[in-house]
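>>> with the sequence up front, the predicted model follows.
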Amino acid sequence: MGIVLLDIGNVIVDVDFHRFCRSVARDGERGAETILCRYCEGGHKLSFDRGLIAPHEYLAMIARDPDVRTMPRSELRFLWQDIFSLKKGVAEAVEMLGRKHHLWIMSDIDPLHFAHLLNSFPVLKRAERYLLSYEHGWLKREPEAFRMVLDSSRGMVPGDFVIIDDREDNCLCAEDCGIKAHHFKGWAQALEFMRYW
């Protein structure tokens, strides 16, 4: 029985940052693209995902932005979190994987998104462990993230793990650390891959 490291975004749930950006932008689609680049991609978001910025500070930074319309902080938080939908077939896939393997979640994610996801999608509660970038400070494109997994796994070796992730750079980094990886395109392919692991 091995350990499957499951990514969350675009593996368990679909992610629509544009929904957030369109909801908060003062200036329509052009403003939404500016907000997307400023807070949903790039340096600020990576720092938030690493746990270097506290949730209240991140929301305050967005709220102060002149391209963001004025609203209560509770509404801003709701809109930031309300960007996910469960991928088709994921509940059945996770159930099948859980019969043969230990399931751990490994995600580059911020605390606001993870709290919302855990409360909204019960399939995430099937995991035995959660390895979250905002808690340990490493992203999956960095070998330290996978070294941390191995160091904290009480004697498991790289061959005991497989990661299912939608980002090729994350998969390549895992493979460089000796962990088998499946570049996720859909659950049918992922389950077929797992038949031979």
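Received it, and whenever you're ready, just let me know what you need. These figures come from a predicted structure and were not determined experimentally.

>>> alpha carbons only for contacts and neighbour counts from here, please
OK.

>>> helices or strands up against the lowest-mean-pLDDT helix or strand in the chain?
In the chain, no helix or strand scores lower on mean pLDDT, DSSP states H and E than helix 28-35, which sits at a mean of 91. Using 3 or more CA pairs under 8 Å, 6 or more residues apart in numbering; DSSP states H and E as the contact criterion, the secondary-structure elements in contact with helix 28-35 are helix 17-24.

>>> can you pull the contacts of Gly98?
The contact partners of Gly98, taken as CA atoms under 8 Å, 6 or more residues apart in numbering, are Arg126.

>>> confirm it sits in a strand?
No. The assignment for Gly98 (DSSP: H, G, I helix; E, B strand; the rest coil) gives helix, which keeps it out of a strand.

>>> and it, how far from Leu5?
12 Å (CA to CA, to the nearest Å).

>>> same question, Glu75
Here the criterion is CA to CA. By it, Glu75 lies 33 Å from Leu5.

>>> starting at the chain centroid, how far to the very next helix or strand once past the least confident helix or strand of the chain?
Using DSSP states H and E, the helix or strand that follows helix 28-35 towards the C-terminus is helix 42-49. Using CA atoms, centre = their mean, to the nearest Å, the distance from the centre of helix 42-49 to the centre of the chain it belongs to is 13 Å.

>>> list the buried residues in helix 42-49.
The neighbour-count check on helix 42-49 (16 or more other CA atoms under 10 Å) flags 44-49 as buried.

>>> with stretch 131-148 instead?
When burial is assessed from 16+ other CA under 10 Å, stretch 131-148 yields the following buried residues: 131-135, 137-141, 143-146.
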